[in-house]
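Engineer: here are the coordinates; sequence isn't available:
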């Protein structure tokens, strides 16, 4: 027979997979932000401060940044899955990059506030650190 002290409550982030930051935030060398989840009290990480994932899990943005060319990634933020990658043509200016972003949003049916996102992975800063 179970007693009250044997029962465990599941945290909201276990059900929905959405972590919420709590407490002090620290910035890493790569620009990501580390914090603690207010529900499960585990270490979480975010690149832009809006989507938080477990810090010890696979970081898709860091993985994408390890490749040597700039590109757009179409990401399902809810599931943490990269759906597609589109390389940027060499010598693209800001106008061409915005046009490609708009075309990809239309092609994949991406709407503001939805689960799908288009992320630009630029390597200008990374290459600058190497030299």
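Structural biologist: Yes, it's here. The structure displayed is predicted, hence computed values, not measured ones. Numbering: from 1, shown residues only.
Engineer: tell me where the model's unsure across this protein.
Structural biologist: When the per-residue scores of the chain are filtered using pLDDT under 70, the ranges that remain are 1-9, 57-68, 123-131.
Engineer: could I get the full set of strands for it?
Structural biologist: In the chain, strands defined by DSSP state E lie at 21-27, 33-37, 43-46, 53-54, 71-76, 81-87, 116-121, listed in chain order.
Engineer: gap between the last one and the chain center?
Structural biologist: Taking C-alpha atoms, centre = their mean, to the nearest Å, one finds the center of strand 116-121 at 9 Å from the center of the full chain.
Engineer: for the shortest one, same thing?
Structural biologist: Shown here is strand 53-54, whose average C-alpha point lies 9 Å from the average C-alpha point of the whole chain (C-alpha atoms, centre = their mean).
Engineer: what helices and strands are in contact with that strand?
Structural biologist: Secondary-structure packing of strand 53-54 (3 or more C-beta pairs under 8 Å, 6 or more residues apart in numbering; DSSP states H and E): strand 43-46. Glycine gets a C-beta too; all of them are placed from N, C-alpha and C.
Engineer: buried stuff in the strand it packs on?
Structural biologist: Buried positions in strand 43-46, judged by neighbour count with 16 or more other C-beta atoms under 10 Å: 44-46.
Engineer: could you dump the residues you listed into TSV and include distance to residue 117?
Structural biologist: Below are the buried residues of strand 43-46 laid out as TSV (distance: C-beta to C-beta, whole Å):
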residue	distance to residue 117
44	18
45	17
46	13
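Engineer: for the residues you listed, which one is nearest residue 15?
Structural biologist: Distance from residue 15 was checked for each of those by C-beta to C-beta. The minimum falls on residue 44, at 16.1 Å.
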